[in-house]
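S.K.: here is a sequence together with a model predicted from it:
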Amino acid sequence: KFIGFDVNINSVLKAQHNIEEITQSLNEAICEHGDARNLRAFVEDSSVDLVLSHPPYFSCISYSSDKKCDISNSKNFTQFLQSMKLIAQETWRILNEKDSGRCVMLIGDNREERFIIPVAFSVLQLYVDQGFEIEEIVIKRQRCCSATSNGAGLSSLYDFLYMMHELFVVFRKVPPALLL
C-alpha cells in the first residue's frame, strides 16, 4: 500500500489523478494533503516499511501559500531545523521496528548571500540524533534547475562556486534494542 502526503494541495490533486490512472483504485494508494510533522490521523505507529522524503530547501522555493504547514516558509534556519526534527521524530514513529524500516531522502543545500547553508548535513544529523543509521549517501548532480542560469551568473559576479548537487540518503531505523 502506498500513502503519500504533501503540503501543496495542487501536488496532491495531481498525484491523486495519477494514482487513479495507474491503480484504478484509491484503496491501493492514497495521497493526502498533510503536514509531515504530524501524521497521527493517517498513519499508525510502526506501520510503514519505506518513507520517501524530499524536504524543501530552506529559504529557496516556497512550495505553497500555507504559512503554517509549509516549512519552506520558515522564518529562519533554526525554525526550519526545529520542524525537520519533528519530521524526523514522526518518521521514526511510523517506520516499522523490523530491519526493513527505511527512509530515503533527497535533499540539498542552499546559499544565503554568498555563503552555504548546510541544509543537508544539518538534517542528516537530526536523523542520526533520532536514532537512524545512514546506510548510503549518493551525491547526485543537480541538472535542469530553474535557477541554474541565475545562479551561474551570480556565482561568477560574486566569486563563489555554484552548487550543482543534492544528496540521496538512505536511513535505516535501528530498533532501540540493537543500539545497546
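M.R.: Cool, the structure landed.
S.K.: okay, now the unreliable bits of the chain?
M.R.: Scanning the chain with the threshold set as pLDDT under 70 gives 1, 24-28, 59-63, 66-67, 99, 142-164, 176-180.
S.K.: show me where it has strands.
M.R.: Applying DSSP state E to the chain gives strands spanning 2-6, 29-33, 50-53, 102-107, 110-112, 115-117, 132-141, 165-173.
S.K.: tell me, how many residues neighbour the nearest residue to residue 173 once chain neighbours are set aside?
M.R.: Excluding the flanking residues, the one nearest residue 173 by C-beta to C-beta, 6 or more residues apart in numbering is residue 101, at 3.7 Å. Quick note: C-beta positions are derived from backbone N, CA and C, even for glycine. Counted with other C-beta atoms under 10 Å, residues neighbouring residue 101 total 22.
S.K.: so residue 34 versus residue 6, what's the distance?
M.R.: Note on residue 34: its distance to residue 6, by C-beta to C-beta, to the nearest Å, is 7 Å.
S.K.: hmm, I typed the wrong one, I wanted residue 172.
M.R.: When C-beta to C-beta is applied, the distance between residue 172 and residue 6 equals 24 Å.
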